[in-house]
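pasting a predicted model and its sequence here:
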Amino acid sequence: MDPSTLVTVFDSALRLSIPLLAACLAGLWSERAGVVDIGLEGKMLVAAFAAAAAAHTTGSAWIGLLAGIGASVMFALIHGFASISQRGNQIVSGVAINMLAAGLTAIVGNAWYGQGGRTPPLEGDERFGNVLFGHSVLVFIALLAVPVTWWVLAKTRFGLRLRAVGENPAAVDTAGISVTGLRYTAVILTGVLCGLAGTYLSTGQSAGFLPNMTAGKGFIALAALIFAKWRAWPALGACFLFGLLDAVAIRLQGIVVPGIGEVPVQAIQALPYLMTVILLAGVIGTAIPPRASGVPYVKER
Amino acid sequence: MSAPLDLPRWADVGLVPALSVTSAFLVAGLVVIGIGENPLTATRWLLQGSLGSGEGLGFTLFYATNFIFTGLAVAVAYHAGLFNIGGEGQATLAGLGAALVLLNLDFLPGFLLLPLGIIGAAAFGAAWAAIPGYLQAKRGSHIVITTIMFNWLASVLLVYLLVNVLRVPGSMNPETHPFPAGSYIPFMHEAFAWFGIAIPKSQLNLTFVLALLSALGVWLLIYRSRLGYAIRVVGSNPTAAVYAGISPARITVIAMLISGALAGGLAVNELMGYQHRLLLEFTSGYGFVGIAVALMGRAHPAGIILASLLFGILYQGGAELAFEQPAITRDMVVVIGGIIILFAGALDGLFRRVVARLLARPNLARA
């Protein structure tokens, strides 16, 4: 591969890893606070739709971003209400969020625009244009979220409390700090980051919303989160790796590699899922989630 | 999974699900109003399309068959305390199993092909579910995450096989040769015609009977057998199970085997009963709706059959509705499924508390 191809592949890897990164960090906030979230996919999807619809109506990508974040936070709050206030099953709630998002975006999109669930194509200021090195501002916000997440979680009092609430909520409660408040804060941050991821999909990477355009990215982000062992910097690495795999798969489509033959694209696409299964099985290292994740906190226990 | 609140049995199995499902439909009605359509006429079209004609009823029961299988699959795992959201992937693999058997043994007579195809489907579905089960039991990997990953692996695998290996040479469509004619599961209208009774034609086939028998089988297994007892003990208290000499690891794998085999019924109905070939995305979300079905049916086979009928009505009626009121597409079923999962699953405690409060009032007055 000559250098210019290499640059192109890395560039598209970065582009493809940004939605994964934002969603992965979103999951990180939630799960470090003890709320399991398999609804990242759904929140990205509603954000992508809301952002595209708002940007199309107002002509401003920034208002699109606000709408995307707003929609995603609303869904995050449903998840928070079910899993924090009502102590419901967090997995079940996540499944519900994903289905609701898939169905609602398709129905509302079809009712509003009558184009089979698509929004009209976005042009000019309705999209986030390139500001630096051919990337939009959302790319840099997502990248910036990595050190910010690391710093807040590792170096601030709020971060310490948030991590504690994911490991031992009873101890946090005993110290007189609200478990509910901390977990809601985390869930809202998850909504904001998923909103960023979704908005990037429909107004940065593409020009408009397509039904089901997340196509499993929320689950790859979940895989990356496990791969990164719920830490911010490794999350960047894992997401870039999965983005790179995707970029290579696109690049290798229909190309015969000398000595190997035609590489089946599906084999590369399967890698993130396969690697996660193998990692979880403890064959290559271990991945241990925050101790209290998935467990609703009951004061009286 | 729900808050342990003591409710009378009739309230637990009747009132609470009825309340959550009614609320789910009210919310769905609001969505319909929100996109500027009339929910009452929508409901009318829905019912007329699904129950208003013999043909419509046939299609309703065809879809219900899919939901019975995926609902039972979720329920069996649920009784063992496992959350199997891998129904889609397991059914995908089951379709592959059935296709491999039927396309490679096409020289066999129909009376052998039929059971072998069904066994092939069940075996592949079971195996695809057993791996996450084994990994949870022996390696401690979380079954929810593994089954999610296995869904995607299954879909990628099917795309690869259909595009590169199993496709009819020269054809552009990623689908296999038709199955041998002897392996078609008879349509219900054909079966009735054997006895000289004419019923309207539809996709409904004898797999529906197999689904009902499976529901009976699951009831016998869970509530009337030693294994079912072990499954329920592991589900409610794994520590107690160990003291009772039950191995939670073994039960986990067995429950997932049964669960995956049941999910395979979806492939039997769709492929051997109707499509008669293996094609992409034939599972089309039935596996996920199965979660709603199981939660709504309280993981009891009778409840699952009722919930499946409801979703069958929604699915068939939804298709007719989309024809009459194009703004309301079939995605409405996914929305309703999502709301039901939220209300009957994640917010179950809320509804139980409301019911408990309502029931407590007259008692207070008497005291």
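Looks like it arrived, so ask away.

now the helices for the stretch 1-150 of chain B?
B:9-10, B:16-34, B:39-51, B:54-79, B:87-104, B:110-139, B:143-160 (DSSP state H, counting those that start in this stretch).

can you tell me which of those is nearest to residue B:253?
helix B:110-139 (4.6 Å; CB to CB). Yep, even glycine has a C-beta here, placed from its N, CA and C like the rest.

ok, which stretches of chain A are strands?
A:130-132, A:135-136, A:256-257, A:261-262 (DSSP state E).

any chance of the ones you listed in CSV, with mean neighbour count, distance to residue B:185 and mean pLDDT too?
CSV is the format used below for the strands of chain A (neighbours: other CB atoms under 10 Å in any protein chain shown; distance: least, CB to CB, whole Å; pLDDT from 0 to 100):
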stretch, mean neighbour count, distance to residue B:185, mean pLDDT
strand A:130-132, 11, 56, 74
strand A:135-136, 19, 53, 82
strand A:256-257, 10, 42, 72
strand A:261-262, 10, 38, 71
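
save these as a markdown table, and put in distance to residue B:96 too.
Listed next are the strands of chain A as a markdown table, based on distance: least, CB to CB, whole Å:
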| stretch | distance to residue B:96 |
| --- | --- |
| strand A:130-132 | 44 |
| strand A:135-136 | 41 |
| strand A:256-257 | 27 |
| strand A:261-262 | 22 |
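
to chain B, which of these lies closest?
strand A:261-262 (9.0 Å; CB to the nearest CB).

so which elements touch that closest one?
Judged by 3 or more CB pairs under 8 Å, 6 or more residues apart in numbering or on different chains; DSSP states H and E, strand A:261-262 is in contact with no other helix or strand.

can you tell me the strand partners of that strand and which way each runs?
strand A:256-257 (antiparallel) (DSSP bridges).

show me what contacts the residue most central in space within chain B?
When CA atoms, centre = their mean is applied to chain B, the residue found nearest the centroid is residue B:70 (1.9 Å). Taking CB atoms under 8 Å, 6 or more residues apart in numbering or on different chains, we find residue B:70 in contact with B:87, B:91, B:262-263, B:266, B:286-287, B:289-290, B:293.

which of those residues count as buried?
B:87, B:91, B:262-263, B:266, B:286-287, B:289-290, B:293 (16 or more other CB atoms under 10 Å in any protein chain shown).

hang on, the earlier thing: and the gap between the residue nearest to the centre of chain B and residue B:115?
Computed as CB to CB, to the nearest Å, the residue B:70 to residue B:115 distance reads 22 Å.

how about the residues of the stretch 1-150 of chain B near chain A?
Residues of the stretch 1-150 of chain B found near chain A (CB under 8 Å from any CB of the partner chain) are B:1, B:3, B:31, B:34-37, B:83, B:85, B:135, B:139-142, B:144-146, B:148-150.

quick one on the thing from earlier: between the strands of chain A, which gets nearest to residue B:223?
Between these, strand A:261-262 lies closest to residue B:223; by CB to CB that is 53.2 Å.

return the distance of that closest one from the chain's centre.
33 Å (CA atoms, centre = their mean, to the nearest Å).

can you give the contact residues for it?
A:254-256.

do the same with stretch B:347-361
A:82, A:86-88, B:1-3, B:5-8, B:11, B:15-16, B:19-20, B:23, B:295, B:343-344.

need the buried ones from the residues you listed selected in ChimeraX.
Burial among the contacts of stretch B:347-361 is assessed by 16+ other CB under 10 Å; the matching ChimeraX selection reads:
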select /A:82,86,87,88 /B:2,11,15,16,19,20,23,295,343,344
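
spell out which parts of the stretch 1-150 of chain A neighbour chain B.
A:38, A:78, A:82-83, A:86-93, A:95-104, A:106-108, A:110-112, A:117.

can you check the stretch 201-301 of chain A too?
A:216, A:219, A:222-223, A:226, A:264, A:266-267, A:269-270, A:273-274, A:276-277, A:280-282, A:289.

nearest to residue A:21, of the helices of the stretch 1-150 of chain B?
Per CB to CB, nearest to residue A:21 of those: helix B:143-160, 19.1 Å.

remind me what the very next helix or strand once past the closest one packs against, helices and strands.
Under the assignment DSSP states H and E, the closest C-terminal helix or strand after helix B:143-160 is helix B:188-194. Helix B:188-194 sits against helix B:54-79, with contacts defined as 3+ CB pairs under 8 Å, 6+ apart.

what angle do helix B:143-160 and the helix it packs on make with each other?
Put simply, helix B:54-79 runs at 130 degrees to helix B:143-160, going by axes from the mean of the first three to the mean of the last three CA atoms, to 10 degrees.

and the average pLDDT for helix B:54-79 is what?
Across helix B:54-79, pLDDT averages out at 95.

and that helix, which residues are buried?
B:55-79.

OK, contacts around the residue nearest to residue B:305 when sequence neighbours are not counted?
Once flanking residues are discounted, residue B:305 sits nearest to residue B:215: 5.6 Å by CB to CB, 6 or more residues apart in numbering or on different chains. Applying CB under 8 Å, 6+ apart to residue B:215 gives the contacts B:68, B:72, B:301-302, B:304-305.

and the angle from the helix or strand bottoming out on mean pLDDT in chain B to helix B:16-34?
Of all helical and strand segments in chain B, the minimum by mean pLDDT, DSSP states H and E falls on helix B:348-366, at a mean of 76. Here helix B:348-366 points in a direction 120 degrees away from that of helix B:16-34 (the same axes, to 10 degrees).

buried ones in helix B:348-366?
B:348-352, B:355-356.

how deep is residue 183 tucked in, by neighbour count?
Because you didn't say which chain, this covers chain A. The number of residues packed near residue A:183 is 25, by other CB atoms under 10 Å in any protein chain shown.

try again with chain B
26.
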